[in-house]
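Novice: Here is the input, now give the coordinates:
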Amino acid sequence: MISWRSYLVWIAMLLVMPLEASAQSTRQMPSPPTPAVSTAPGGQSIVIMSRDFEEIQNLEIRQVKSRLRVCLTVKLLSKNPGDFGRGLDAKVWVDLDGDGKLTDHEVVLDDSQFASQAGSGSTLTFAGTSVVPDGVRVSETTLVRACLLYGEEPCIQGTFTYGDVVDRSCPVTVRGPRSIPVLAPGPRVRAGTLTIRESSAGRAGQSLALVSPKGTAISLSRSKISVRRGNIRLGRPRRVGRMVVIPVQRRSTSASVIQITPVMRISTGFLGPLAVKTNLHKQTVTVGTVEEPVEISRDGKIETVRVGSDQAVGALTIRESVAGQMNRPILVVSPKGTAISLSRTRVDLISGDVRIGRLSRNAPNVMKIPIRSSSTRPSVIRVELVLYIRGHASTVIRIGSNVSDQLIPVGRLKKPAAYRRWRSSRQVRRFWRRLRELRPWRWWR
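Specialist: Numbering: from 1, shown residues only. The predicted model follows:
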C-alpha cells in the first residue's frame, strides 16, 4: 500500500519537472550570431537571426510515381541538451505547379522532434511521404525550400530567431562560410571556405570555374581544394585571367561535397564584399568582407577651442580590421599653426595586444606613435590630443595620419573679436585702397 508521503513526493516531482524543462530550454544568443538568409525567385525571403545551434546538413527528395519521399538531416551544433527543450519543427515546400512561388498547399513534410540526447555532431532525421498530383514531376531544377525552427512554427517567409533554411533550385548548390570573415588587402589573404554540394551523382559537370572580382586574384598554389564526401576526382587547376578552372577528371557515382578555401591577392583599392562567381548555374557566393587595414575616426563631438595655450581638441580612435596590420609607426599630423603637446597628449590601448612605444615628435605638428610589436588579435588605440594653437591657424582643425587619406575634423577655432574685425572689416580695406588711389603725399610738393 502506497503511503501519503509517496503521493506528496510524486506531486512535488510533477510540479518541479515543468520548471526544470523551461529553465533548461532557455538559449543565449551568441555574439555575434551567424544568420541564415534565403530568398526564393518569387521574393519570398526568410531571415533567421542565428543558426549556431542547429543546421540543415542534407535534403533528399525522391519521386516514385505519384509519391514523394522527403528526408531532411539536421546536425546539432550545441552540446547542451537544454538548448533543445522546446523541440525542433521542420517543414519542406516544393513548387509543384512550377510558377516559381511557394504556397501553403505545397507542403510535403511537416514534422517535429525533441533532441533529448543532444551533442556536438549528433544528427536528427525528419522523413515523410507525400502524394503529388498526377502529371507533376519533381526534377533537379524544381524550387524546394526546407525550413527548420526552434520553438516556432515554420512559415514560407518571415523573420525568426533560431534555426536554418535552405533553398534548392539547381542540381549543384554553392554555399559560403558560416561566418563571413573580415579581410584586409594584401598579397596572400586567406578567404572563407565555400562548399559545393551535388544534389545527386555526376551533377558537377566537366569542370568547376571560379571568377574573382576586379582587383583580386586567386592563388593556384596556396588555395586548398578538398573532396569532403563522394568519389569525384578533380584535376590540377589552371588560370584564365581572373578565372580559375578546376577540371573534373572523373564524375562522381555518389553525391559529392567539395570545399575550396581560396588564398587571394587583394589590391589596396579594393573594399567591400568579396564575391566569387561560379559556373554552376551562375551562382555567386561571398567569401569575405574587405575593409581598410587600419582606420582612424573621431570619438565624440567637435570641440570649440581658442587661440592660446595647450587645449584638448578631442579624441581619435585607431582601429585594426585584421590582426597584425599595425606593423609600422603611426604618424598623427595637425594643421599648420598648431603644435602637439607630447606631455599632455594621452595614448591608451583599448583592446588587443599591440605594444606601443614612447611618443616622439618629427616636427612641432607631427607626432610619432612607435609600434614595438604587432598584434595577434585586432587592436584599438585611443589618442586624446592636446594642441597649442596660434592665431594664424585655420578655422577648422583637421587631423591627418599615415594610415588614412582622409582628414578628420576634431576642433573649431574661435578667434578673438578684435582679431576677426581687423582681418575681415571691409571699411579698413576700403580705406587703404582709397588712400593708395589718392596718393596724398603728392599734394605736399
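
Novice: which stretches of this protein aren't confidently modelled?
Specialist: 1-26, 39-43, 116-121, 135, 140, 169-171, 391-393, 415-427, 439-445 (pLDDT under 70).

Novice: redo that, cut-off 50
Specialist: Regions of the chain meeting the criterion pLDDT under 50 cover residues 1, 16-25, 420-423, 444-445.

Novice: give me every residue that touches the residue most central in space within it.
Specialist: By Cα atoms, centre = their mean, the mean C-alpha position of the chain lies nearest to I180, the distance being 4.6 Å. Residues counted as contacts of I180 (Cβ atoms under 8 Å, 6 or more residues apart in numbering) are G192, T286, V287, G288, T289. For the C-beta atoms, the positions are set from N, CA and C on the backbone; glycine is no exception.

Novice: Could you do S223 as well?
Specialist: Neighbours of S223 in contact, by Cβ under 8 Å, 6+ apart: P237, V244, I260, T261, P262, V263.

Novice: The fourth one and R251: what is the separation?
Specialist: Pointing back at T261 there. Distance, T261 to R251, by Cβ to Cβ, to the nearest Å: 23 Å.

Novice: The last one too?
Specialist: For V263, the distance to R251 equals 27 Å [Cβ to Cβ].

Novice: likewise I196?
Specialist: Plainly put, I196 is 14 Å away from R251 if you go by Cβ to Cβ.

Novice: what residues are shared contacts of the two?
Specialist: In contact with both I196 and R251: A204, using Cβ under 8 Å, 6+ apart.

Novice: These two - which one has more neighbours?
Specialist: Taking neighbours as other Cβ atoms under 10 Å, I196 and R251 compare with I196 leading, 24 against 16.

Novice: Just give the closest residue to that one, not the sequence neighbours.
Specialist: Leaving out its chain neighbours, the residue that sits closest to I196 by Cβ to Cβ, 6 or more residues apart in numbering is I258, at 4.3 Å.

Novice: What's the local residue count around the one you found?
Specialist: Count around I258 with other Cβ under 10 Å applied: 24.

Novice: Pull up the pairing partners for whichever strand or helix holds it, direction included.
Specialist: I258 belongs to strand 257-261 when elements are defined using DSSP states H and E. In the sheet, strand 257-261 lines up against strand 194-198 (antiparallel), strand 224-229 (antiparallel) (DSSP bridges).

Novice: mind putting those strands in TSV, distance to R433 included?
Specialist: Below are the strands paired with strand 257-261 laid out as TSV (distance: least, Cβ to Cβ, whole Å):
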stretch	distance to R433
strand 194-198	72
strand 224-229	76
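
Novice: Among the ones you listed, which comes closest to L342?
Specialist: Closest to L342 of the strands paired with strand 257-261, according to Cβ to Cβ: strand 224-229, at 48.0 Å.
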